[in-house]
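Student: got a predicted structure here, sequence first:
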Amino acid sequence: MHAMRADLPGVLHRSVQISVAAGTVPEWGLSLLSEVSMAREKRQKKLKKILITGNEAIAEGALSAGCDFYAGYPITPQNELIAYMAKYMPKSGRVFIQAESELAAINMVYGASAAGARAMTSSSSPGISLKQEGISYIAGAELPAVIVNIMRGGPGLGNIAPAQSDYFQATRSGGHGDYHTIVLAPAYVQEAYDLARTSFDLADKYRMPVMILGDGFLGQMMEPILVRRRSPTARGHNKEKPWALTGCEGRRPNIIKSFALAEGALEQLNLKLQQKYKVIKNKETRFEGLFLDDAKIVLVAYGTMARIAKSSLTRLRLAGEKAGMIRPISLWPFPSPAFFPRNKKVKYLAIEMSYGQMLEDVHLAVNGKAQIEFLGRSGGGIPSEEEIINKVRKIL
Amino acid sequence: MERIFCRPESLYDVPTHYCPGCGHGTAHRLVAGIIDQLGIREKTIGIAPVGCAVIAYDYWKFDCSEAAHGRALAVATAIKRVRPQNIVFTYQGDGDLAAIGTNETIHAANRGENLTVIFINNAVYGMTGGQMAPTTLLGQKTSTTLEGRDRQKHGYPLKISEMLALLPGVHYIERVSLHNPQEVLKAKAAIRQAFENQINNLGFSLVEILSPCPTCWGLNPKESLDWIRDRMQKEFPLGRIK
């Protein structure tokens, strides 16, 4: 598990724990933590500061990670992402395709990845539903790929307001078969950039699909972020991918497939995948923990919801309430170890822009050992700072 | 003594799983033979469909990928764009290319992707037991058209090759057949043309092959070949379409 104790987050894409021992709540509020750490990072490395939307930050992160291939289809609220890729991918000799459908886009990502490229697609909820078959194939064929879901309200066509209602689909293998997708949920534009970079590394390391799960707020809002120089494309790195389709010169033919017809073969593939998932559960959980040492109530929220919850937390702490917070950054694997009850009287409040989806993972993590409450709205409704504070006061 | 005929290097020396009289074995061999002739085995990447030819990569000795049902041309598009130095082709049946994958087919063709498509038209879904395909003839009995395909209930046989020929992005389309040795030789020439076009960067090339499916047609192998000659090629005339 990536967790560290520090007064400020030094490495933005890793988990952070802020403990009471490190001091009182800064008066400027917890939500500004990333600004402070940004100034520090900028001093330490040669980074450029730019003002950018969350959608564009993911695209910029992908460019800096050496993404060679992007295919997408327009859908609100992620259109800034596809537009950014259309503008910058061809400029550095990379491939951008506006696909004829989400089905085509995800299968193009499958093909590009099979040929050794770092490949990405992005969409929003209804489009991500369409991609599920392809994601299942990518998982089955053990191909690296990055899929971005900037969630909107559902079900059906829903609306274009921010929501978190695709949590189940993202964390429970949205397509057919026993597979998982690593799911990373940024809460800040800087983190969206950082996690985009991380996603490509994780996808390559474990040869599997990695999903960045954001919402319409994160996608559309602008924040200043620090960016690295864009990497040249990763093309030519096929030596590190001996399984890739490059033509069989000087070697036996490579086959990319998920089909395993022979008796027992598919079970073997599944066992191999399960082994991989076990390793990931041990090594790749990410979260931010705030004031867990003495907390009597722990708010649990991710993404945009976590930012609002963090504002509530700041006000609660300034008012002397012993509140803490767990912000899952990896939704799969869920950071269950962070929930190990410090004392049996601690209570948890799961807060979502959905109706009790992440709540199930909180229940699994706590496993009946503590009281769990829930606050959630969806379809464009978002729990406010005040609603959270009122709920906390009722529980305490 | 000079050896003038042998198994292509691009074809593994293994028995296939295809039914007696099936056209896939012949079509596989033609593709493998042309790849040998053109000397491109070590840079070829083939895309196998979902359908009877799903494990074509067990027979072809070059790099291959599986694709989800209908998505072969999306997969091929990306591979060719990422690795333009390779020769990329898809091998697809009528259900794959002209029903579930129609969208991918039309748009890859319309973008003028520099790809080669081998399109096997046997007028049925073979792998799943002989249901109606988009190319099933009017009156043809299948497990989902028990009284024969009826234009009012099921629509007409889809002439996807003629449709694709309308698109400016398409460079070459030819319909060939496997129903006698002369036609097999013409099929071989067309396949060669379609691969040469890609080598010369001329754009989207497709060869539609009328291919027998005795099992699902309920005919013996000889009757199946005659059925192509007497019935199928009347609906799907042979020759250069574009």
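Tutor: Structure received.
Student: show me which residues of the stretch 51-200 of chain A sit near chain B.
Tutor: Contacts of the stretch 51-200 of chain A with chain B, taken as Cβ under 8 Å from any Cβ of the partner chain, map to A:68-69, A:71, A:95, A:97, A:99-101, A:103-105, A:107-112, A:114-117, A:119, A:133-134, A:137, A:141. C-beta here means a position set from N, CA and C on the backbone, and glycine is covered the same way.
Student: need the contact list for the residue nearest to A:A141 when sequence neighbours are not counted.
Tutor: Take A:A141 and drop its neighbours on the chain: the residue closest to it by Cβ to Cβ, 6 or more residues apart in numbering or on different chains is A:S258, 4.5 Å away. The neighbourhood of A:S258, defined by Cβ atoms under 8 Å, 6 or more residues apart in numbering or on different chains, consists of A:S136, A:Y137, A:A139, A:G140, A:A141, A:L269, B:E66.
Student: mind running it again at 6 Å?
Tutor: By Cβ atoms under 6 Å, 6 or more residues apart in numbering or on different chains, the contact list for A:S258 reads A:Y137, A:G140, A:A141.
Student: so the first one touches B:A68, yeah?
Tutor: By that I understand A:Y137. Yes. Counting by Cβ atoms under 6 Å, B:A68 is a contact partner of A:Y137 at 5.2 Å.
Student: neighbour-wise, which of these two wins?
Tutor: Counted by other Cβ atoms under 10 Å in any protein chain shown, A:Y137 and B:A68 do not tie: A:Y137 has more neighbours, with 27 against 24.
Student: need the contact partners of the helix or strand hosting the more buried one.
Tutor: Assigned by DSSP states H and E, A:Y137 belongs to helix A:125-140. Helix A:125-140 has contacts (Cβ under 6 Å, 6+ apart) with A:75, A:102-103, A:106-107, A:110, A:145, A:149, A:151-152, A:154, A:166, A:174-177, A:179, A:208-209, A:258, B:68.
Student: residue numbers of the stretch 201-350 of chain A in contact with chain B?
Tutor: Proximity of the stretch 201-350 of chain A to chain B (Cβ under 6 Å from any Cβ of the partner chain) is limited to residues A:L245, A:G247, A:C248, A:E249, A:P253, A:N254, A:I255, A:I256, A:K257, A:F259.
Student: what's the helix or strand for B:T77?
Tutor: Per DSSP H and E, B:T77 falls inside helix B:72-82.
Student: give me the buried positions along that helix.
Tutor: If you call a residue buried by 16 or more other Cβ atoms under 10 Å in any protein chain shown, then helix B:72-82 has these buried ones: B:A72, B:L73, B:A74, B:V75, B:A76, B:T77, B:A78, B:I79, B:K80, B:R81, B:V82.
Student: name the nearest residue to the first one, sequence neighbours excluded.
Tutor: What it means is B:A72. B:T90 (4.1 Å).
Student: would you agree that neighbour is in contact with B:A74?
Tutor: No. B:T90 lies out of contact with B:A74 (Cβ under 6 Å); the separation is 9.9 Å.
Student: and B:G46, how far from B:V117?
Tutor: 11 Å (Cβ to Cβ, to the nearest Å).
Student: cool, A:S330 as well?
Tutor: A:S330 is 42 Å from B:V117, by Cβ to Cβ.
Student: B:T102: how many residues sit nearby?
Tutor: B:T102 has 16 nearby residues by other Cβ under 10 Å.
Student: and it, its phi and psi?
Tutor: With angles defined as degrees, to the nearest 10, B:T102 sits at phi -50, psi -40.
Student: can you tell me the closest non-neighbouring residue to it?
Tutor: In space, B:T102 is closest to B:I160, 7.2 Å off (Cβ to Cβ, 6+ apart).
Student: got the contact list for A:F287?
Tutor: Contact analysis of A:F287 by Cβ under 6 Å, 6+ apart lists A:S15, A:I326, A:P328, A:I329, A:P335, A:A338.
Student: so which of those wins on neighbours?
Tutor: The contacts of A:F287, ranked by neighbours (other Cβ under 10 Å): first place A:P328, 30 neighbours.
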